[in-house]
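Enquirer: I would like the atomic coordinates for the input below:
(2 chains)
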Amino acid sequence: MGEPDDTAAAAFERFVLPEIDLLLRVARSLTSNYAEAEDLVQDTLLRAYRGIAGFDGSYPRAWLLTILRNTHINRNRRRRPDLLRDPDTALAQLADTSGGDRADAFIDRSIDTTILDALDALDEGFRLVVELVDIDGLSYSEAADVLDVPVGTVMSRLHRARRRIRGQLAGSGFEPGPSSRSGDMREDGTR
Amino acid sequence: MTGWFTRLFGGKPSDELDCHAVAEQLQQYLDAELDDEDRARLIALHLDKCRDCGLEAAAYERIKSTLSASAPDVPAESLERLRSFGERLARGEGEPTRPSPT
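Expert: Prediction:
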């Protein structure tokens, strides 16, 4: 047992430092670029450092994501609705596979492109939840912490967003199986 | 149990899920967000047996894998700066490089 400052420092080292990678990825989803994301995480680390003495050690990731969210709001920066992917790069990738006998690879990339284009076309609220869960790897609960919404809302937005992406796949001729089904998912996200 | 039940009554045993029930929880299942392990097992069983639902699941798995693979690489230098910053904070070296954000 050391001085209180030592205890806080140890807690910071134990709970905060291992999450920096995740914080940076989530911050990128919130800000759409790494320069802003780095600033946001740095501010988040400062706030976490100041608050670590009052943190009880339970659910450190949720605690940090809440700080990240509040810091983001306080920074009052508008998120730019772009930059997930460079469309020119995607076109170049398609062109790269246009010759030769790589039909499967071409189809794979076409499917990827359709999926990512469909993601880009989503409204921000829907796109962000997909980015947090499917790209950043957050759980429903963690995404709810970042967005400050109930878990049910995360589920509802996520499921609707995925269904729209799937609709784009089907509309582009990539429907993988029989389409119409009677038992579709509910949108309210209840368990 | 499934075999004799079906042979005797020609229907599904009571714990077997129908397509509608599976569709309702498919996303949670694919996200490993179902708390009920028995339920997850029944969904897996259904997906294995039902072609339509299996294809439905495969489509969403494909979407998830594409999205997951699209994650941009975290810039190493950015991560290193932040780790260094965090370590300096943990060592009690104050708040070295930034003005207060509050």
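
Enquirer: neighbours of residue A:44, just the number please.
Expert: 29 (other C-beta atoms under 10 Å in any protein chain shown). Where C-beta positions appear, they are placed from N, C-alpha and C, glycine not excepted.

Enquirer: isn't it right next to residue A:65, touching?
Expert: No: under the criterion of C-beta atoms under 8 Å, residue A:44 is not in contact with residue A:65, lying 9.2 Å apart.

Enquirer: Determine the residues that are contacts of both of the two.
Expert: Shared contacts of residue A:44 and residue A:65 (C-beta atoms under 8 Å, 6 or more residues apart in numbering or on different chains): residue A:23.

Enquirer: Spatially nearest residue to residue A:145, not counting backbone neighbours?
Expert: Leaving out its chain neighbours, the residue that sits closest to residue A:145 by C-beta to C-beta, 6 or more residues apart in numbering or on different chains is residue A:65, at 4.4 Å.

Enquirer: Quick check: buried residues in stretch A:141-157?
Expert: For stretch A:141-157, the neighbour count (16 or more other C-beta atoms under 10 Å in any protein chain shown) marks A:142, A:143, A:144, A:145, A:146, A:147, A:151, A:153, A:154, A:155, A:156, A:157 as buried.

Enquirer: With stretch A:43-56 instead?
Expert: A:43, A:44, A:45, A:46, A:47, A:48, A:49, A:50, A:52, A:55.

Enquirer: In helices only, show me those residues.
Expert: Among these, the members falling in helices (DSSP state H) are A:43, A:44, A:45, A:46, A:47, A:48, A:49, A:50.

Enquirer: need these in JSON lines with distance to residue B:74, can you?
Expert: Below are these laid out as JSON lines (distance: C-beta to C-beta, whole Å):
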{"residue": "A:43", "distance to residue B:74": "18"}
{"residue": "A:44", "distance to residue B:74": "15"}
{"residue": "A:45", "distance to residue B:74": "15"}
{"residue": "A:46", "distance to residue B:74": "20"}
{"residue": "A:47", "distance to residue B:74": "21"}
{"residue": "A:48", "distance to residue B:74": "19"}
{"residue": "A:49", "distance to residue B:74": "21"}
{"residue": "A:50", "distance to residue B:74": "25"}
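
Enquirer: Please list which of these also come close to chain B.
Expert: Residues of those in contact with chain B (C-beta under 8 Å from any C-beta of the partner chain): A:43, A:45, A:46, A:47, A:49.

Enquirer: Looking at the third one now. What's its pLDDT?
Expert: In other words, residue A:46. Looking at residue A:46, its pLDDT reads 94.

Enquirer: That one touches residue B:82, doesn't it?
Expert: No: counting by C-beta under 8 Å, residue A:46 does not reach residue B:82; the two are 11.2 Å apart.

Enquirer: re earlier: ok, of the buried residues of stretch A:43-56, which one's closest to residue A:75?
Expert: When those are ranked by distance to residue A:75 (C-beta to C-beta), residue A:43 comes first, at 6.8 Å.

Enquirer: hey, where'd the helices end up in the chain?
Expert: Reading this off chain A. A:4-11, A:20-31, A:34-51, A:60-75, A:87-96, A:103-121, A:124-130, A:140-147, A:151-171.

Enquirer: not what I meant, chain B
Expert: Using DSSP H, helices in chain B cover B:2-9, B:19-30, B:37-49, B:51-69, B:76-90.

Enquirer: Quick test: name the residue nearest the centre of chain A.
Expert: With distances taken as C-alpha atoms, centre = their mean, residue A:132 lies nearest the centre of chain A, 1.8 Å away.

Enquirer: residues in contact with the closest residue to that residue other than its chain neighbours?
Expert: Distances taken as C-beta to C-beta, 6+ apart put residue A:143 closest to residue A:132, at 4.2 Å, once the chain neighbours are dropped. Contact analysis of residue A:143 by C-beta under 8 Å, 6+ apart lists A:129, A:132, A:133, A:154, A:158.

Enquirer: Which residue, other than its chain neighbours, is closest to the first one?
Expert: The shortest distance from residue A:129 to any non-neighbouring residue, by C-beta to C-beta, 6+ apart, is to residue A:157 (4.5 Å).

Enquirer: go on, the last one?
Expert: Nearest in space to residue A:158, with sequence neighbours left out and distances taken as C-beta to C-beta, 6+ apart, is residue A:129 at 5.1 Å.
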